[in-house]
Every structure is written in structure tokens, then in C-alpha cells.
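Asker: model this:
(one chain, ligands or ions: 2)
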Amino acid sequence: MTVQPIYHRIVDLVQAEGVDTLFGIPDPSFFGLFIEAERRGMNIVSPHHEQSSTHTADGYYRMTGKPVVLCMNKGPGVANVAAGASFLLKENVPAVFIMANRQRYYEQKVKRGKMQYMSQPPLFANAVKYTGIIEYPQQTDEIFQEAFRVAQSGVPGPTYIEFPLNLLGAKFDLPPPPPASRYRLVHQRADAQSLAEARTLLENAKAPVLLLGQGGFVMRMHDALAELAGKLACPILNSNAVEAVLPGMDDRTFPYSSPEGGQIAAQSDVVLAIGTELGEPLNYGKGHSWKEGNDTRKWIYVERDPTAIGVNRPIDVPLVGDLRDIVPQLNEALAGVKRDLPAGLPAWTKARDAAKQALVDSVPNTSMPVHPGQVAIEATRVLPEDTIMVRDGGGASMWASALVQFTPRDSMWSSNWGAIGNGISMAMGAQMAVGDKRRVVLLTGDSAFMFHISELETAVRKKLPIICVVWVDHAWGLEAASYKANFGENTPTPEARWSQEVRFDKTAESFGAHGEYVEKAEDIAPAVERALASGKPAVIHVECDPMAMSTFANVPGFSEFRHWYGEDDDFLGVPGVAPDGAAGSGSGY
Ligand SMILES: Cc1ncc(C[n+]2csc(CCOP(=O)(O)OP(=O)(O)O)c2C)c(N)n1
Ligand SMILES: [Mg+2]
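Answerer: Ligands and ions are numbered 1, 2, ... in the order given. Prediction:
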């Protein structure tokens, strides 16, 4: 045993969880930690705003399935990350925040004017699953272990450790920390009886369906899930969180929010739901497309959190546990089950592909002004097949989703929180996770891109060659559309539009990234190819038709999007349809 300072002990504790990266801005509370972490070969990633580090951590998590650790500077730094903590809670990211603060002495100090001091935990009261303040050095191990335990139990989410300055001098003389399996549940398997019931239901099902959420992808279970889908020989419905398709499952995967997806849901008699919270956008598994047959349809639900069972809808067979354990269990339980793909599958696949082709054909292919749909088609047709897709923004993001020209194996966006502005940072996190093995594309609206545009410097510094395709209408386009939908075509649209002067290609170049400026549709693909070849972070500024970007007309998926807020006919999540003539009846958000 050797005497070690507290910050070495903290590195030991996070390494016991397999963490290899720390996110945060340097600060006296963390100097010793960062120096020791870097000495041990860990990656330290400093953002230009605390909030954006949560999005980078999120992107990294979604491509590794491993918990993330963020170190926040006392006072204003911690306060700046409050929005990011909410984001991680809503997006189910197991993040451990190490929040610096001044000495605990200040907590009860009555005198006014405390510089960089605030009682911090109340800021996070609704955003973290656990708060531990290290009052005494000997509590360090147990508080860290509890933070990792809670972050990764049940629905994953953020936890909060307060690390006051008075601890910096603490020294330890302890054996190395134990592996995670000694202090928390690292495997959570389903019970044998429920597995047997699941097998019976699936074996006897006439029209089973596999309903996939983002969880299976985040947990890197692509291959085991593909094996399961193969055994079940059934269609796969992707929740709205997912645009990725399991390897080899292209012919049988459908978005839930599509005509074919709706038909598949309606005719199904057994649903196996994995990695989804069965939330509003899935109409709780009982409204909208599920309505038909709801009384007799059986549900098998793989879910870590026992308190989620039966909440959004009744569940016939709960498989409570970690999908990383349960999917292999299901594969084993289904050994010997022989099923044939449904006879109707080719017709659905054909209809799905024909609808996409019809959508492609409906996009005006004029050279100028560039139609937003054209950006999606031209930018994504030249990307490598294994590109990771990140989406951000309003209308741009919807066009991108509907018209992407390759089949992503991994995709991400703020599907639960419905936030914008996280794109650049999230793309960087995804790129960090895959190194130089795969490329990451960010398909984004211009306003969303501006939130954390300073992170282009981080992308350059950390050598993260993300490709950012920016739909530029110099506007909050979807909000302009919403003004019109609510107040008529000729309505004023206060603050929906901003400067025509902005040039993202030049901004990119000023940060040392690759920049492209495009005004004509035929120039998009060559610009993306040059960006890929540059090997640098790249920004492709595409000037888009501002008219096409400020209307809901023809925005793909918009009519389905209106159903995303709960059960059928709900209006903004409130039971009941919109009152006649109510503001907002023209738009569902
Ligand atoms: C953090 C956050 N702020 C605001 C919104 C509401 N919002 C959704 S889309 C949108 C407009 C986005 O504009 P842009 O990124 O330029 O995309 P466009 O619609 O122009 O394609 C806004 C303000 C949100 N979802 N999240
Ligand atoms: Mg815009």
C-alpha cells in the first residue's frame, strides 16, 4: 500500500468502472485529477461550454454503452451544466458528475457576497438520481460507488457527487478499489419462468413483432438482436428514437411512424419490446396504430426498471433485467423454434421502398434555390455505408430523417427530450468512440448548429473528423412554419429569422476545420466528398430555399409527428382533440 492523494484515488475509482475518458474544463479542483488521469493514458476532453460536454459524453455513451464521468468547475461551471444534466436524465445516460465546490465551510457561512459559491444540489433536484456530498475524505469510495451503482441501475441516468475544495489535501492508504461486481449488480437476468412464458407466447404467435428502441443500439447489442430477429422471423418496428437498422435486417425493418409500420403494429398479436420506454411517441403501445387489436395483443417487455412494468400499458410477460443479459437468454430460450417470415412481408417492404422513392421523386431537383429534401439526398448518397448519423435542428432534421440515402447502423438524436443544439457535441462524442474506424455525419439545421459552434475548435484539437452538413435558411425555420400554421400565411414572424451574413464555411476555416459553401444542388455531393477526403472536421454550408423551410407543407413525417404526444387524438399530450380553431391546431408541437 502506498499513500496517495484523493485525486489518485478518484482515478482508481472511475477506472474500476472501465471509464477511460473524463469530460470537463481544467480548474484547480481537477488539476491533480487530470494530470494523473492523463498520465495513466485516459483521455481528457474539455469543451467550450459545460453543457456541451454532456452532449459529447452522451454521443460517447451511445457508441460504447459505458458510463461517462464529467468534472464541473465550482459555482458557475456547475450551474452551467444544469441543463445538460436534465438532458442526460431524459436521454437515459448513466453519467457521474463530479461537481467541485468551495469548502463546506461556506455552506453555513452567513456573510453575504460569497464569490463562486452557491448551494449547488438544489439546482439538480429534478435532474439527478442520486446526490452525494463528500463531507469527509473517508466517504469517497462509498459515494463514488453509490453514484455508479445508481446511475446504472433501473433506467440509467445521471448522478451527482459534490467534491468540495477542502478535500483536495486528503490522503489515503487503502488497497486498490474492488471491481464493480463487488459493489453493484453488473448482471441482471430475467427469471426462468418468465423466459419460458415468453417462449410459449412467441412460438404460438401468428404475427409477432419485435419493437426496438434506442437501448439495444446503445448497449451495442446489434448482433445478438439480429440473431433474435432471425429466430423470430418477424418484422422489426423501430421506435422514433431509432433510424438505424440491425445488420442484415434491412428487408424487415420499418419505422413505427410510417404507414407500413402502422399496419404491422395493427395486425400484430404478440409484441416483444426491447430498449424502449414505450413513451408518448409510441402512443404508450396502446393508442393510434396499436388501437386495433389492443384488447387481445400480448406484450413481452424487456425492461430494467421493475417500477416501469404495467405503467404505460399492461404487460403480459415482464422480463425484468438488463437487455445485455436478456437478449442472449432469449436467443437461448428460443432454440429450436422454427418460424417463417410472414407472407405479407415482401409487400410491406415494397410499399416502404416505393414510398421512399416517391418521396425522393417529389423533391424538386432544381439547381437553385436548393430544396431541403435535396440536401438530404445529395449529402447522404456519397457517405460510407457504415457512417454514424447524428441529427439536430427542426425542419432540416425531419427532411434528413426521411430521405437519408444509406442505411445507418447507428443513429442518434434527442429523441426523448426533443432538444436541439446538441448535434456538434454529440457527433464529436460518437467520433471519439469509433476513432478512425468509422465516419460520423451531423445533419443539422443552422440555428441548432449555432448553439455550440465553438466546439468546432474541440473537434479540431481532438482530431475528430466529423462531417457537418448544415441546412442554412438563416432562420428558426420550423418556428417560422409554426407561426404561419397558427396565424396564417401573412403573419409577422418576430425573431424567426436572423442574419443573412452568416457563413459557416468561413467560421469552420477560422477554427482550423474544412469549410465548404454550396448554393447549387449539384455541388453538394462533391463538397461532401472533399470534406470526407480532407480528414478534418468539416462544415458544409448549404444555402437552402427559405420558403420550403418555413412551411409544414410536404415536410415528411409531419402528420405522424402530430401523433407523438400520447394516445390517439391527444392534443399536445392532453387527452382530447384540439378545440376548434384553437391556436396550434395546425401544428402538433
Ligand atoms: C433547446 C431547444 N430549444 C428550442 C426548441 C424548439 N425548436 C424546435 S425546432 C426549432 C427550430 C430549429 O431551427 P433550425 O435548427 O435552424 O432548423 P430548421 O427548422 O430551420 O431546419 C426550435 C426553436 C427545442 N426543441 N429545443
Ligand atoms: Mg434553420
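Asker: shaky segments in this protein?
Answerer: 1, 566, 568-589 (pLDDT under 70).
Asker: Could you list the contact residues of the chain toward ligand 2?
Answerer: Selection of the chain residues close to ligand 2 by CB under 5 Å from the ion yields 445-447, 473, 475, 477. Glycine gets a C-beta too; all of them are placed from N, C-alpha and C.
Asker: Among the residues you listed, the buried ones, what's the ChimeraX command?
Answerer: Selection of buried members from these for ChimeraX, criterion 16 or more other CB atoms under 10 Å:
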select :445,446,447,473,475,477
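Asker: With distance to residue 111 and secondary structure added, can I get the residues of the chain next to ligand 2 in CSV?
Answerer: Shown next, in CSV, are the residues of the chain next to ligand 2 (distance: CB to CB, whole Å; DSSP: H, G, I helix; E, B strand; the rest coil):
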residue, distance to residue 111, secondary structure
445, 47, strand
446, 47, helix
447, 43, helix
473, 52, coil
475, 49, strand
477, 50, helix
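Asker: tell me, which of the residues of the chain next to ligand 2 make contact with ligand 1?
Answerer: Restricting those to those near ligand 1 by CB under 6 Å from any ligand atom leaves 445-447, 473, 475, 477.
Asker: Out of those, which comes closest to residue 67?
Answerer: residue 445 (30.5 Å; CB to CB).
Asker: got the phi/psi numbers for the residue nearest to that closest one when sequence neighbours are not counted?
Answerer: Closest residue in space to residue 445, ignoring its immediate chain neighbours: residue 393 at 2.3 Å, by CB to CB, 6 or more residues apart in numbering. Dihedral angles of residue 393 (phi, psi; degrees, to the nearest 10) stand at phi 100, psi -170.
Asker: where's residue 393 relative to ligand 1, distance?
Answerer: Here residue 393 is placed at a distance of 3 Å from ligand 1 (CB to the nearest ligand atom, to the nearest Å).
Asker: And for residue 143?
Answerer: Counting by CB to the nearest ligand atom - residue 143 and ligand 1 are separated by 31 Å.
Asker: So for the lengthiest helix in the chain, what gets flagged as buried?
Answerer: Secondary structure of the chain read by DSSP state H shows that its longest helix is helix 345-362. Residues of helix 345-362 classed as buried: 345, 348-349, 352, 356, 359-360 (neighbour count, 16+ other CB under 10 Å).
Asker: which other helices and strands contact that helix?
Answerer: helix 259-267, helix 372-380, helix 395-403 (3 or more CB pairs under 8 Å, 6 or more residues apart in numbering; DSSP states H and E).
Asker: Residue 530 is nearest to which of those helices?
Answerer: helix 372-380 (12.3 Å).
Asker: so how far is the closest one from its chain's centroid?
Answerer: Taking CA atoms, centre = their mean, to the nearest Å, one finds the center of helix 372-380 at 22 Å from the center of the full chain.
Asker: who does the following helix or strand past it pair up with?
Answerer: Sequence-wise, the next helix or strand downstream of helix 372-380 (DSSP states H and E) is strand 388-392. Here strand 388-392 is paired, per DSSP bridges, with strand 411-412 (parallel), strand 440-445 (parallel).
Asker: Quick check: chain neighbours aside, which residue is closest to residue 76?
Answerer: residue 116 (6.6 Å).
Asker: Could I get the full set of helices for the stretch 451-589 of the chain?
Answerer: All helices of the stretch 451-589 of the chain, identified by DSSP state H, counting those that start in this stretch, fall at 455-461, 477-487, 504-510, 524-534, 558-561.
Asker: Quick check: nearest residue in space to the residue in the stretch 151-300 of the chain that ligand 2 sits nearest to, chain neighbours excluded?
Answerer: At 20.4 Å from ligand 2, residue 243 is the closest residue in the stretch 151-300 of the chain, using CB to the ion. Spatial nearest neighbour of residue 243, chain neighbours left out: residue 411 (3.9 Å); criterion: CB to CB, 6+ apart.
Asker: Beta-bridge partners for the one you found, please?
Answerer: If you apply DSSP bridges, the partners that residue 411 bridges to are residue 389.
Asker: so who does the residue nearest to residue 186 when sequence neighbours are not counted touch?
Answerer: Of all residues not flanking residue 186 in the chain, residue 180 sits nearest, at 5.5 Å (CB to CB, 6+ apart). Contacts for residue 180 (CB atoms under 8 Å, 6 or more residues apart in numbering) come out as 16-18, 148, 186.
Asker: Let me see the contact set for residue 224.
Answerer: Contacts of residue 224 (CB under 8 Å, 6+ apart): 327-328, 331.
Asker: Tell me the spacing between it and ligand 1.
Answerer: In terms of CB to the nearest ligand atom, residue 224 sits 34 Å off from ligand 1.
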